[in-house]
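Asks: test case, fold it:
(chains A and B)
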Amino acid sequence: MKIKGNAYFLMLILAVILLIIIFSLTMEDLKSKLLPVLMGGGTFILATMELVRELRSGKTLTEDKRTTIGAAERRGYLIAGMWIVGFFLAIYLLGFNIATALFVLTYMKMHNTGWFQSITYAVLTTAGIYGIFQYLMKVDLCPGIVFTMFR
Amino acid sequence: MPARILVALIIPLIFVGTFAPMEQLNDLIVLVVATILGVDMGKFDYSRPALFIGYILGNLFEKYFFIAYAVAGPLFFMRPISLALIIIMLGILTYKPLKSLFILLVRRD
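Replies: Reported below is the predicted structural model:
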């Protein structure tokens, strides 16, 4: 019997739920343990049913659709993820205002937009975020560790 | 509006919107992790609305569960309205399997 990724994931869920139930049962107060045991029990039953179905049928829930990710698709996800993580790192290092301007400018430039349009959108977005959040709503937008270091 | 412009405008707004209420960078880490989780869930056909509803309603569920438990004890769900709701829920959950079973039995006969 070939065990697929979905079955391993269900086994992981079962193990985690089992740990939660066992840990909850050690609690003295009935009120404290009732909810985790109740929810854990329900999840355990559902996950077991799904695991049995998975192992019996030998095919995953999503087998009719696409379960394998092609190299191009994976690359697309990786690039999108890198944009998100990169933007977060830029906020952490340079602060919201500079990171926003940089993100909008580089993102639009990398997606075949002209310099004028990219710079205009970058400036407008940064000004909009600064005006609405920092100026009007008085949110203390993160200045970035690079700038706080030199203060 | 082209996707490249929408993405460039929406992502900073999502980040600022997440940061603004608590002004904590940790919220942005949660945002990044939730994004990855959401994309992977979508990819592998896990229900994102179910997770979202669970996340939103979990607090309310816990709160009212304890209230009901305190008021009516462990068998609080044996009251008419609760029982009716449970029956409706079971009906919705078992409708399709029961229908297929019924069709199968009729065809066999």
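
Asks: grab the nearest non-local neighbour of B:Arg4.
Replies: Nearest residue to B:Arg4, sequence neighbours excluded (CB to CB, 6 or more residues apart in numbering or on different chains): A:His111, at 3.8 Å. From N, CA and C alone the C-beta is placed, and that goes for glycine too.

Asks: what about that neighbour, how many neighbours?
Replies: Neighbour count of A:His111, defined by other CB atoms under 10 Å in any protein chain shown: 14.

Asks: what's the answer for A:Tyr130, then?
Replies: Neighbours of A:Tyr130 under the rule other CB under 10 Å: 17.

Asks: check the offset of the longest helix anywhere in chain B from the chain's centre.
Replies: Secondary structure of chain B read by DSSP state H shows that its longest helix is helix B:80-108. Distance, stretch centre to chain centre, for helix B:80-108: 22 Å (CA atoms, centre = their mean, to the nearest Å).

Asks: then stretch B:62-81?
Replies: 22 Å.

Asks: could you give the average pLDDT over that stretch?
Replies: On average, the pLDDT along stretch B:62-81 is 87.

Asks: what does that stretch rub up against?
Replies: A:31, A:34-35, B:82-83, B:86 (CB atoms under 8 Å, 6 or more residues apart in numbering or on different chains).

Asks: quick one: the helices in chain A, in order.
Replies: A:5-25, A:30-57, A:71-94, A:96-110, A:115-129, A:145-149.

Asks: what of chain B?
Replies: So, for chain B - with DSSP H - the helices run B:3-19, B:25-43, B:48-72, B:80-108.

Asks: got the CA positions of the first one in CSV?
Replies: In other words, helix B:3-19. Taking C-alpha atoms only, helix B:3-19 is exported to CSV below (Å, rounded to 0.1, in the frame of the first residue of the first chain):
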residue,chain,number,x,y,z
ALA,B,3,-2.8,42.9,-11.7
ARG,B,4,0.7,44.3,-11.4
ILE,B,5,-0.7,47.7,-10.1
LEU,B,6,-3.3,46.1,-7.9
VAL,B,7,-0.7,43.8,-6.2
ALA,B,8,1.7,46.7,-5.8
LEU,B,9,-1.1,48.8,-4.1
ILE,B,10,-2.8,46.1,-2.1
ILE,B,11,0.1,44.4,-0.5
PRO,B,12,1.4,47.5,1.3
LEU,B,13,-2.1,48.3,2.5
ILE,B,14,-2.5,44.7,3.9
PHE,B,15,0.8,45.1,5.7
VAL,B,16,-0.1,48.5,7.2
GLY,B,17,-3.6,47.4,8.0
THR,B,18,-2.2,44.4,9.9
PHE,B,19,0.4,46.5,11.7
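
Asks: which strands or helices does it pack on?
Replies: helix A:71-94, helix A:96-110, helix A:115-129, helix B:25-43 (3 or more CB pairs under 8 Å, 6 or more residues apart in numbering or on different chains; DSSP states H and E).

Asks: out of those helices, which is the most enclosed?
Replies: helix A:96-110 (a mean of 21; mean count of other CB atoms under 10 Å in any protein chain shown).

Asks: could you give the mean pLDDT of stretch B:22-41?
Replies: Taken as a whole, stretch B:22-41 has a mean pLDDT of 90.

Asks: swap that for stretch A:141-151, sorry
Replies: 84.

Asks: neighbouring contacts of that stretch?
Replies: Contact with stretch A:141-151 is made by A:91-99, A:129-130, A:133-134, B:16, B:19, B:23, B:25, as judged by CB under 8 Å, 6+ apart.
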